[in-house]
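Undergrad: Fold the following, please.
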Amino acid sequence: MRFHFKTKKLEELYTSEKGSHKYEPEVIDSFFDAMAVIAAARDERDLYAQKGFHFEKLSGKRKHEYSLRLNRQFRLIIMLEKDKDGKYVLVITIEDYH
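TA: Now for the predicted structure:
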C-alpha cells in the first residue's frame, strides 16, 4: 500500500532515522519492519494477516484509527485513507501505550 506521514518528524525518522535516539533500538527496528509490511500490503487484510503486529481498529474517539504493535509499550498509529488513486495509509504517530 502507498503511505504518507502526518508529520515531518515521522517522515525524517523513516527516510534518515533522524530522531531515532528518542526510542529504544527494538522500537526503531519494529517501526521499519511495520513500514515494510505496509509497503508490501495490497490492502488492510494483509495487515490483519501479520499476527505479530496485532493490527487492530481503535474505538471511541479514535474509531478512525488503527494500531500496529511495535513492542509491549509502543504502537504505530495509522489511518486508512482514500484518494483518486485508491487507498493509502496515513502514518499518524508512534505512541507510548503505558
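
Undergrad: Give the buried residues for stretch 78-86.
TA: The neighbour-count check on stretch 78-86 (16 or more other Cβ atoms under 10 Å) flags 78, 80 as buried. Using the backbone N, CA and C atoms, a C-beta is placed for each residue, glycine as well.

Undergrad: what sits up against stretch 90-98?
TA: Stretch 90-98 is contacted by residues 3-7, 10, 14, 23, 27, 31, 35, 38, 65, 67, 70, 72-81 when judged by Cβ atoms under 8 Å, 6 or more residues apart in numbering.

Undergrad: Could you list which residues are in contact with the spatially most central residue of the chain?
TA: In the chain, the residue lying closest to the centroid (Cα atoms, centre = their mean) is residue 76, at 4.0 Å. Residue 76 makes contact with 31, 34, 67-68, 70, 91, 93-95 under the criterion Cβ under 8 Å, 6+ apart.

Undergrad: In strands, which of those residues fall?
TA: Of the contacts of residue 76, the ones assigned to strands by DSSP state E are 67-68, 91, 93-95.

Undergrad: Past the helix or strand residue 45 falls within, which element shows up next along the chain?
TA: Element membership for residue 45 (DSSP states H and E) is helix 44-49. As assigned by DSSP H and E, the chain's next helix or strand after helix 44-49 is strand 56-57.

Undergrad: what bridges to residue 96?
TA: On the basis of DSSP bridges, residue 96 is bridged to residue 74.

Undergrad: count of neighbours near it?
TA: Close neighbours of residue 96, defined as other Cβ atoms under 10 Å, add up to 10.

Undergrad: and if you look at residue 34?
TA: A count of neighbours around residue 34, defined by other Cβ under 10 Å, yields 23.

Undergrad: Great, nothing more from me.
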